[in-house]
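# the following block contains a protein sequence and its predicted model.
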Amino acid sequence: MAKLYFYYASMNAGKSSTLLQADFNYRERGMRTMVWTARLDTRGQGMVRSRIGLEADAHLYDPDTDLWAAIRAAHDTQPLDCVLIDEAQFLTRDQVWQCARLADEAGIPVVCYGLRTDFQGELFPGSAALLGIADKLVELKGVCHCGRKATMNLRVDESGQAVSAGEQTEIGGNERYVALCRKHFTSALAG
């Protein structure tokens, strides 16, 4: 039976490289996958890229994308063995339910990868929905500079100072975010 999976972690924990490895494993065995990523992330339009240099072409979704219809149409043309979604924190609640429907009704495993929380420790809407309904939750481990598990994403400004206010979503990589354990996250925000 197909399932809905959510692999979550802080920044720089290997979510995209894990997705790309899964995609490679399916394709190496002659299976058909469909990879998706958020249009909002403009760093690699139409690509999923990892920091270690792996990459793959991807379909783009935005809040208006009907994932059920798009993926089901592709599946009806040529059956899919797995759907892999990067930046899943940007999915809407309805899109998460569409992913569940793909697993439940179309029999396609859907594996989502994303951040659990934003730079203020708040759940993203897509992550909240996935944490609520996914069949399987898998935490990938990032590492804080102290060696403890990184669970938080600290947003920093151009001079490396902690940012505590702003829009929930601001696209960026190592220049804008630092993965930290909760202790060092709290300490950095306290100033």
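Looks like it came in fine.
# specify the local secondary structure of Asp94.
The three-state label for Asp94, taken from DSSP: H, G, I helix; E, B strand; the rest coil, comes out as helix.
# if you could redo that for Tyr5, that was the one I meant.
Taken by three-state DSSP, the conformation at Tyr5 corresponds to strand.
# cool, Thr186 as well?
Taking three-state DSSP as the rule, one finds Thr186 in the helix state.
# how close does it sit to Met34?
40 Å (CB to CB, to the nearest Å). In this view, the C-beta of every residue, glycine as well, is placed from N, C-alpha and C.
# of these two, who's got more company?
Met34 (20 against 13; other CB atoms under 10 Å).
# what pairs with the strand or helix carrying the more buried one, and is each one parallel or antiparallel?
Following DSSP states H and E, the helix or strand that holds Met34 is strand 33-38. The sheet places strand 33-38 alongside strand 59-61 (parallel), strand 82-85 (parallel), with pairing taken from DSSP bridges.
# average pLDDT across it?
Strand 33-38 shows a mean pLDDT of 96 in the predicted model.
# again, but for stretch 108-123
94.
# that older thread, next, format the strands paired with strand 33-38 as JSON lines and append mean neighbour count, mean pLDDT and distance to Ile71.
Rendered in JSON lines, the data for the strands paired with strand 33-38 read as follows (neighbours: other CB atoms under 10 Å; pLDDT from 0 to 100; distance: least, CB to CB, whole Å):
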{"stretch": "strand 59-61", "mean neighbour count": "18", "mean pLDDT": "96", "distance to Ile71": "9"}
{"stretch": "strand 82-85", "mean neighbour count": "26", "mean pLDDT": "98", "distance to Ile71": "6"}
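# quick one: closest of the ones you listed to Tyr26.
Ranking the strands paired with strand 33-38 by proximity to Tyr26 (CB to CB) places strand 82-85 first, at 5.4 Å.
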